[in-house]
Structures are given as C-alpha cells and as structure tokens.
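**Q** okay, here's the prediction I keep looking at, along with the sequence it came from:
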Amino acid sequence: VPWERDCSCCYPICPGDRWCIKQADKRYLACAGYSVRQHLKFAIVDRPVALFACIAAVVFFVDTWLTASALVSASRARRARAKP
C-alpha cells in the first residue's frame, strides 16, 4: 500500500515513475513515494543494526516502566497493610 500522498487515479497502465494499485475496474491508482513494504525492507535489510537498536530501546523503556510501576504498587500495598 503506498503512502497516501500525491495520488492520481485511473491509468490504463501503471506509469513507470509511480507505485500503483490495481483497482477493481482494472485501472491503476498511481502514487508517488515508497510503499510500506519498501520502507520495511529498507529498515530490515539495509539497516538491521538501527532496527535492532530501536527495538532494544523500546523493550528497555517498557521494561523500566513496568518495573517502576510494580515497585510503586508493591510499596503502596505494603503501606496499606502496615496502617492499623
């Protein structure tokens, strides 16, 4: 699926400088820019280290947030049990 920008409709054949989607009426919707598949290919194949670094950073921050939330909840539970 192409990015939703600069699209024009209803070509009988796909123009060579555009990314196209064949519609039900057998005409092509032509859009400028890269498709999502090409962006993912670029991220996975051409820059695997950057992709791994981004995934690792997200996992680290989510883990830190969950650990902090668990510690706060445990602390509140201990304080609630300690009060008479």
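**A** Received it, and whenever you're ready, just let me know what you need. This is a predicted model, so every value here is computed, not measured.

**Q** what's the closest non-adjacent residue to residue 27?
**A** The spatial neighbour of residue 27 that comes closest, neighbours along the chain excluded (Cβ to Cβ, 6 or more residues apart in numbering), is residue 10 at 4.6 Å. Every residue, glycine included, has its C-beta placed from N, CA and C.

**Q** show the pLDDT at the one you found.
**A** The predicted local distance difference test score for residue 10 is 86.

**Q** after the helix or strand harbouring it comes which helix or strand?
**A** With the criterion set as DSSP states H and E, the secondary-structure element containing residue 10 is strand 7-11. The element immediately downstream of strand 7-11 (helix or strand, assigned by DSSP H and E) is strand 19-22.

**Q** how far does that following strand sit from the chain's center?
**A** A distance of 22 Å separates the C-alpha centroid of strand 19-22 from that of its chain, computed with Cα atoms, centre = their mean, to the nearest Å.

**Q** helix or strand: which one has the residue nearest to residue 44 when sequence neighbours are not counted?
**A** With sequence-adjacent residues excluded and distances taken as Cβ to Cβ, 6+ apart, residue 44 is closest to residue 51, at 6.1 Å. Residue 51 belongs to helix 48-82 when assigned by DSSP H and E.

**Q** buried residues in that helix, which are they?
**A** Residues of helix 48-82 classed as buried under the neighbour-count rule (16 or more other Cβ atoms under 10 Å) do not occur.

**Q** show me how far that helix is from its chain's centre.
**A** 22 Å.

**Q** likewise stretch 37-52?
**A** Stretch 37-52 sits 12 Å away from the centroid of its parent chain (Cα atoms, centre = their mean).

**Q** list the contacts of it.
**A** Judged by Cβ atoms under 8 Å, 6 or more residues apart in numbering, the contacts made with stretch 37-52 from elsewhere in the structure are residue 34.

**Q** looking at the protein, which helix or strand is least sure?
**A** Comparing helices and strands within the chain by mean pLDDT, DSSP states H and E singles out helix 36-41 as the least confident, with a mean of 77.

**Q** any idea how far residue 33 is from residue 21?
**A** Separation of residue 21 from residue 33 (Cβ to Cβ, to the nearest Å): 13 Å.
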